[in-house]
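**Q** build me a model from this:
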Amino acid sequence: MTDEWRGWREAAQTALYGYAGFYRSPDRSPAGPAGHFRTSVHASPLFAAAVARLLAATARQLDTGTVAFVDVGAGRGELLTGVLAAVPDGLTVTPYAVEVAARPPGLDPRIEWCAEPPRGVTGLLFANEWLDNVPAEVAEADSDGVPRYVQVRTSDGAERLGPPVTGADADWLERWWPLSAPGERAEIGRTRDAAWARAVGSLGAGLAVAVDYAHVRGGRPPFGTLTGFREGREVRPVPDGSCDLTAHVALDACAAAVPAAPGRTGEPELTDQRTALGRLGIGGQRPPLGLASTDPAGYVRALAAAGEAAELTARGGLGDFGWLLHRVGGR
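**A** Predicted coordinates for the structure are as follows:
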């Protein structure tokens, strides 16, 4: 780590994924991502159960009893562990954890730990809050409305405007997140687009799903979304390896980045978590009050589950997360 001025993509890449980076160093983040921010996986086991149902549905659509589950950005394997516990009888699952950090001790030995998604597998690729951690350049419109790269100093997160945005980055901004008024900012999502296209392309057949903080053209935040998290609190983003660095994802751009190819069926679907989980049986409805008289313990369990489901699908919260679905091959 040095005090040199760099673009946000390079600075964040080193801070998050360098040798001593936030996601690689056990000293900086001994508890893994769960020690710093709470995802749907950590909010309730209902989420993993819903993903297990999606995995089973994908297997049925592919007409197979053996299916791969690829968890991209697997953290410490929490989602994989929950999905394997909820898989229905009769379905054989080959699980893969895609993660840059070292394999945690005590993980289910069936899980293959790898740095990149396996190629050519058949099944479900699921990327929960992964793309928001793919580093991206940040741009800001100067006093004349010209988009310029934002440069950052590693030691303290101080920023300055660098050269004008040009080339493919400028084309991306013009198409997906145009800037004109002085002070407007954007995260240039080309790196996320490319990462998602590679992930979808790794599947031989099945379903690829990205779940993330998201926005679409026509509803972009005017000043960007780059921020930091440390120990459960939002903090100023400083690329020194001491905190998570995250920015919301232009999922509509990611959807368009996946090239048409023989064997791909249908168009990508972009929806929200409330809708997606509703299809998978999570609605948050309270149990009937009469159950409290006939089965008090069952009523308490159902009430707790309803509360967890409500959090997963809440407007203004986890329910607003974007879900991007790409189907590859199959029937």
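**Q** mind giving me the packing neighbours of the helix or strand encompassing residue 209?
**A** Element membership of residue 209, judged by DSSP states H and E, is strand 203-212. Secondary-structure packing of strand 203-212 (3 or more Cβ pairs under 8 Å, 6 or more residues apart in numbering; DSSP states H and E): helix 45-62, strand 66-72, strand 121-128, helix 190-201, helix 251-257, strand 322-328. Where you see a C-beta, it was placed from the backbone N, CA and C, and this is true even at glycine.
**Q** note down every partner strand of it and its orientation.
**A** Strands adjacent to strand 203-212 in the sheet, as given by DSSP bridges, are strand 121-128 (parallel), strand 322-328 (antiparallel).
**Q** out of the ones you listed, which is closest to residue 313?
**A** With respect to residue 313, and counting by Cβ to Cβ, the nearest of these is strand 322-328 at 11.8 Å.
**Q** buried sites along that closest one?
**A** Neighbour-count burial for strand 322-328 flags 322-328 (criterion: 16 or more other Cβ atoms under 10 Å).
**Q** now do residue 314, the pLDDT please.
**A** The predicted local distance difference test score for residue 314 is 82.
**Q** before we move on, back to that, distance to residue 267 and mean pLDDT for the helices and strands packed on strand 203-212 - can I get that in TSV?
**A** Rendered in TSV, the data for these read as follows (distance: least, Cβ to Cβ, whole Å; pLDDT from 0 to 100):
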stretch	distance to residue 267	mean pLDDT
helix 45-62	16	94
strand 66-72	22	98
strand 121-128	18	97
helix 190-201	13	96
helix 251-257	9	96
strand 322-328	9	96
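**Q** still on that earlier bit, got the angle between the strand holding residue 209 and helix 190-201?
**A** Using axes from the mean of the first three to the mean of the last three Cα atoms, to 10 degrees, one finds that strand 203-212 and helix 190-201 are set 140 degrees apart in direction.
**Q** I'd like to check the angle between strand 203-212 and helix 45-62, please.
**A** Orientation of strand 203-212 against helix 45-62 (the same axes, to 10 degrees) gives an angle of 150 degrees.
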